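> heads up, no residue letters with this:
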DNA sequence: TTGTGAACGGAAATTTTGTTCCATAGAACG
DNA sequence: CGTTCTATGGAACAAAATTTCCGTTCACAA
């Protein structure tokens, strides 16, 4: 190995490097190069032995290949593909990115918090980008169906979840849905939820640590046979387990303060999804009348 | 391990099995279950040792967890997640995937309500990115100073602005600031604001069309000599003109519905900016005492 | 309080994986 | 035709991972 080059840092870079050097490679190395280009997924998550067998070469040849592109070993090359696999779907990088981000915030803490806003923008952007990862279109559609199908929507959410719940209640009302906001004014929360019927729907919003009132509301609704739509940070949270449909939101966390932008975005998508469906049905009805 | 069940064969099956059995698991096993549900990607491609460290358990506990779900070992369980990761990506090459992604976003504008979520994510991302353009670091710093300097914060905001105001009130309170939320319960909004004094601060949140109550509150505060911090969509809005400091937010508008994610982000930056400054002063005070 | 059983953490043991080394085959050049 | 240099395959080695095992802790019941 006469090469002491610097290794590519992304899967795309490696791809380009392979293409550039392909003609200059030996026969066996070309064979590996083809496999690497054709099956990046295999590269990403199978072991060397498996890759070697599938591509018909020796494990040592793969190590040689990696080294000829400047890597320390084949493992280092694999890491590239694993990272790429995740970021390709904008997915798994999440924890990694959040960790990096928190570190950046820690560093800037010394600077006096002046660029706080842009740091928040970045953190919330990441959380937003990852939202579709935990909430599929199917989940959202199911949630919209629940809202459409029910007679009256009850919305509950306290403490940190209160703004989200308030938004849902307000804008569902605006969208023409009968909505009751279980706001607990005068301590009437239990009585309010006690009125729920099987043809209604309870939308519950809660994050760790799950507020007692909200958990009670969910249980009460379930007991009374009403469907429940939960918006929460975990699929096994107390309000998610009894729920008919759960929408999971992972917010960014900065200095022990968790954000709400992504939840806000989700709540909006839900409401507008409903408004859109409702208006479509209205159109259909009108057309039939003529 | 009294279980000799058959193991799940797909990641989804496992997910369902975990949810079903979650309550019957021991504390530690629940902890692992949570991690498995929340971070399937990590599960797919990190090693046991790394997963153990990140989730705060012992590697052996993970093996126990896997076995309790009928697997031979943790590796077998990992295979499930790896397969799932691949199937999500189809067998396409790299560039194809990227192309598909952008196409999906483009199309969603035209399509029904299915890809609504990604449309929202995109819109709100743009709004977030634009936030630093209308709110400078200097503005934010000035706003934080106002909050620091005052005796009691009054927060007002109704209708669409209500969730933002609610969030501000709640989290400023959490951050140790005396805060009154002018929520207008029992129609007492005017009386509440009537109590404001020059050493207090009114934070007003309002967007077009500006709510009468909020405009009144701002005017009342100004008359009584109290500083006003406005969060609004225009620098010339009725609540911005009399304000001491104004933070301007331009929200994204999607299908005629204006968003709130950027406002949420801004509110958060404000609160945490304050919390940060407050804790720094606290530190300084403590250090002086010794 | 004490006894019993399950759950847990940690370290040891084992298996798997990745890497290195070396003998050999093959090509290039003299 | 012989020498030399490079590339290759396979085995040996080293590292790392996973799994097993066992002493201890914890919770619950007597």
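Arrived safely. Note that the structure is a prediction, hence the values are computed from the model and not measured.

> buried sites along stretch A:190-205?
Residues of stretch A:190-205 classed as buried by neighbour count (16 or more other C-beta atoms under 10 Å in any protein chain shown): A:192-193, A:196, A:200-205. Every residue, glycine included, has its C-beta placed from N, CA and C.

> now do the same for residue A:236: helix, strand or coil?
Three-state call for residue A:236 (DSSP: H, G, I helix; E, B strand; the rest coil): coil.

> report how many residues lie close to it.
For residue A:236, the tally of surrounding residues (other C-beta atoms under 10 Å in any protein chain shown) stands at 19.

> contact residues of the stretch 51-200 of chain A facing DNA strand D?
Counting by C-beta under 7 Å from any atom of the strand, the residues of the stretch 51-200 of chain A lying close to DNA strand D are A:57-61, A:64.

> which of the buried residues of stretch A:190-205 lies closest to DNA strand C?
Within these, the smallest distance to DNA strand C is 28.3 Å, found for residue A:204 (C-beta to the nearest atom of the strand).

> how about the closest one, what does it touch?
Counting by C-beta atoms under 8 Å, 6 or more residues apart in numbering or on different chains, residue A:204 makes contact with A:156-157, A:214, A:217-218, A:221, A:228-232, A:239, A:243.

> among these, name the ones in helices.
Within the contacts of residue A:204, residues falling in helices by DSSP state H are A:214, A:217-218, A:221.

> quick check: phi and psi at residue A:124.
Here is the backbone geometry of residue A:124 (degrees, to the nearest 10): phi -70, psi -30.

> how about it: what's its closest non-neighbour residue?
Excluding the flanking residues, the one nearest residue A:124 by C-beta to C-beta, 6 or more residues apart in numbering or on different chains is residue A:261, at 4.1 Å.

> doesn't residue B:261 make contact with the one you found?
Yes. With contact defined as C-beta atoms under 8 Å, residue A:261 and residue B:261 form a contacting pair (4.4 Å).

> show me whatever sits in contact with both of these two.
Between them, residue A:261 and residue B:261 share these contacting residues under C-beta under 8 Å, 6+ apart: A:124, A:128, B:124, B:128.

> including pLDDT and neighbour count, could the residues you listed go into JSON lines?
Shown next, in JSON lines, are the shared contacts of residue A:261 and residue B:261 (pLDDT from 0 to 100; neighbours: other C-beta atoms under 10 Å in any protein chain shown):
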{"residue": "A:124", "pLDDT": "86", "neighbour count": "29"}
{"residue": "A:128", "pLDDT": "87", "neighbour count": "27"}
{"residue": "B:124", "pLDDT": "85", "neighbour count": "29"}
{"residue": "B:128", "pLDDT": "85", "neighbour count": "27"}
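
> can you name the two of those residues that are farthest apart?
A:124 and B:124 (8.6 Å; C-beta to C-beta).

> shared neighbours of these two, anything?
A:261, B:261.

> and the strands in chain A?
Secondary structure of chain A, counting by DSSP state E: strands at A:153-156, A:179-182, A:201-206, A:228-232, A:245-248, A:253-254, A:257-258.

> the ones you listed into CSV, with extra columns for distance to residue A:137 and mean pLDDT?
Output for the strands of chain A, formatted as CSV (distance: least, C-beta to C-beta, whole Å; pLDDT from 0 to 100):
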stretch, distance to residue A:137, mean pLDDT
strand A:153-156, 21, 97
strand A:179-182, 24, 95
strand A:201-206, 19, 97
strand A:228-232, 16, 96
strand A:245-248, 12, 93
strand A:253-254, 26, 69
strand A:257-258, 25, 78
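
> right, and residue A:22 touches residue A:31 too?
No. Between residue A:22 and residue A:31 there is no contact under C-beta under 8 Å: 11.1 Å.

> the more surrounded of the two?
Just comparing residue A:22 and residue A:31: by other C-beta under 10 Å the higher neighbour count belongs to residue A:31, 16 against 13.

> thought the more buried one was touching residue A:56?
Yes. Residue A:31 is within contact range of residue A:56, at 7.2 Å (criterion: C-beta under 8 Å).

> for stretch A:57-73, measure first residue to last.
Length of stretch A:57-73, first residue to last, C-alpha to C-alpha, to the nearest Å: 16 Å.

> buried residues in it?
For stretch A:57-73, burial by neighbour count (16+ other C-beta under 10 Å) applies to A:57, A:61-71.

> does chain B sit close to that stretch?
No. Stretch A:57-73 stays clear of chain B (C-beta under 8 Å from any C-beta of the partner chain), getting no nearer than 15.8 Å.
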